[in-house]
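Visitor: have a look at this prediction, sequence included:
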Amino acid sequence: MSVKIGISPIAWQNDDLPDLTAAYTMEQALREAREIGYTGVERGRRMPQDTEGLRAYLEANDIALCGGWCSGNLMANDLATEQAAVRRQVEQFAALNAPCIVYAECSNTVQGDIGTPVNNRPKLSRDEVMAYGRKLGELAKWMADLGQPLAYHHHMGSMIEDQDDVDWLMEAAPKEVHLLYDTGHLLFGGGDVLGTLNRWGDRVLHVHFKDIRPEVVTDVRETGKSFLDAVIAGAFTVPGDGCIDFQAVTDALKAMDYAGWIVVEAEQDPAKAPPYEYSEKGYAHIVEICGRSGLAIDGAA
């Protein structure tokens with residue numbers, strides 16, 4: 001069994017804070033990511049939108065599509081309306097052999113509003129989350145029928161953020177709803193990083209290795225800053241540069257025979273954290289800890 005190591009281009013091209021990364025191009029992101037050793041990249045908004053154009057773009061950079069964000073609106077839409085809204089991306093990702101759609105509910109999130117404290121995110125009751133999970137299951141089954149799994153992304157500022165949210169969603173949703181396991185968002189949200197993996201490992205389809213700087217997270221919580229404020233201040237960083245024990249996480253992935261993608265996603269201010277330098281640091285850390293865990297990396301030099 002082996003894993004593949006990918007990266008989100010968000011360190012070079014931040015879709016939510018484009019001015020932060022205005023000095024960088026998507027072409028630079030892919031070129032440098034591949035030079036470091038990453039073999040996959042998640043889709044960014046500034047990549048070609050049509051399927052054949054995106055295929056050619058990725059092939060020209062010798063890099064695979066290892067997933068990508070999908071802003072869900074299932075709380076606001078009926079099932080048919082949501083299917084119509086996401087069909088193009090689902091069919092595109094299936095055609096390009098992506099491992100999953102990274103789906104998150106965005107109809108009521110505060111993650112993109114720099115004026116709203118992340119603490120003010122929507123918090124649903126157990127019954128509300130479980131009802132959503134059952135509805136999400138119908139969408140996931142439809143996606144699976146089109147050849148593309150759904151991996152749900154628990155995310156800061158959204159209605160699925162803390163440990164209860166994740167547990168309730170996984171309890172209610174059918175097996176077609178997979179979990180995107182994101183270490184940084186989980187810890188920022190007050191969750192149990194290893195406990196979540198141990199409990200829901202059989203549902204984990206996709207993994208984001210994202211570290212956090214706890215002093216920044218504490219300040220964001222205590223002073224009522226927004227999620228985007230947190231990004232700018234450096235709440236997130238690459239694995240090995242924060243407080244998360246990624247060796248323990250990688251040991252657990254090895255024990256559960258995980259064989260998917262491990263994706264570095266660490267958006268921060270490039271003036272403080274140069275994208276190449278930090279992406280290289282994250283890659284080197286993953287190679288080191290995978291070696292210790294006995295987790296083989298597909299395509300590693």
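Guide: Sure, I can see it.
Visitor: can you pull up the most central residue in the protein?
Guide: For the chain, the residue nearest the mean C-alpha position is H208 (5.1 Å; C-alpha atoms, centre = their mean).
Visitor: which element is that residue on?
Guide: Using DSSP states H and E, H208 sits in strand 204-209.
Visitor: strands along this structure, start to end?
Guide: 2-7, 40-43, 64-72, 101-105, 150-153, 177-182, 204-209, 211-212, 236-237, 261-264, 296-297 (DSSP state E).
Visitor: so which of these is nearest R88?
Guide: strand 64-72 (10.5 Å; C-beta to C-beta). To be clear about C-beta, it is placed using only N, CA and C from the backbone, and glycine gets the same treatment.
Visitor: what's the angle from that closest one to strand 101-105?
Guide: 20 degrees (axes from the mean of the first three to the mean of the last three C-alpha atoms, to 10 degrees).
Visitor: packing partners for strand 64-72?
Guide: Applying 3 or more C-beta pairs under 8 Å, 6 or more residues apart in numbering; DSSP states H and E, we find strand 64-72 packed against strand 2-7, strand 40-43, helix 51-60, helix 79-95, strand 101-105, strand 261-264.
Visitor: in the fifth one, what's buried?
Guide: Okay, so that is strand 101-105. Neighbour counts over strand 101-105 (16 or more other C-beta atoms under 10 Å) mark 101-105 as buried.
Visitor: swap in the longest one?
Guide: Of the residues in helix 79-95, those with enough neighbours to count as buried (16+ other C-beta under 10 Å) are 82-83, 86, 89-90, 92-94.
Visitor: let me see the contact set for D211.
Guide: Applying C-beta atoms under 8 Å, 6 or more residues apart in numbering, one finds that D211 lies in contact with 183-184, 236-244, 246, 266.
Visitor: buried only: go through these for me.
Guide: Looks like the contacts of D211 have 183-184, 236-242, 244, 246, 266 buried, using 16+ other C-beta under 10 Å.
Visitor: returning to that earlier point: partners of the residue nearest to the centre of the chain in the sheet?
Guide: Beta-bridge partners recorded for H208 (DSSP bridges): D182, V263.
Visitor: just send the buried ones among the contacts of D211 back as JSON lines, with pLDDT and distance to G137 too.
Guide: Formatted as JSON lines, those follow (pLDDT from 0 to 100; distance: C-beta to C-beta, whole Å):
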{"residue": "T183", "pLDDT": "98", "distance to G137": "25"}
{"residue": "G184", "pLDDT": "98", "distance to G137": "26"}
{"residue": "F236", "pLDDT": "98", "distance to G137": "30"}
{"residue": "T237", "pLDDT": "98", "distance to G137": "34"}
{"residue": "V238", "pLDDT": "98", "distance to G137": "34"}
{"residue": "P239", "pLDDT": "98", "distance to G137": "31"}
{"residue": "G240", "pLDDT": "97", "distance to G137": "36"}
{"residue": "D241", "pLDDT": "97", "distance to G137": "37"}
{"residue": "G242", "pLDDT": "97", "distance to G137": "34"}
{"residue": "I244", "pLDDT": "98", "distance to G137": "30"}
{"residue": "F246", "pLDDT": "98", "distance to G137": "31"}
{"residue": "A266", "pLDDT": "93", "distance to G137": "31"}
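Visitor: stretch 193-207: end-to-end distance?
Guide: Start-to-end span of stretch 193-207 (C-alpha to C-alpha, to the nearest Å) is 12 Å.
Visitor: swap that for stretch 156-175, please
Guide: 24 Å.
Visitor: next one: stretch 173-191
Guide: Note: stretch 173-191 ends 19 Å apart using C-alpha to C-alpha.
Visitor: cool, stretch 71-78 as well?
Guide: End-to-end for stretch 71-78, by C-alpha to C-alpha: 15 Å.
Visitor: ok, the closest residue to A235 other than its chain neighbours - contacts?
Guide: Nearest residue to A235, sequence neighbours excluded (C-beta to C-beta, 6 or more residues apart in numbering): V216, at 4.5 Å. Contacts for V216 (C-beta under 8 Å, 6+ apart) come out as 230, 233-235.
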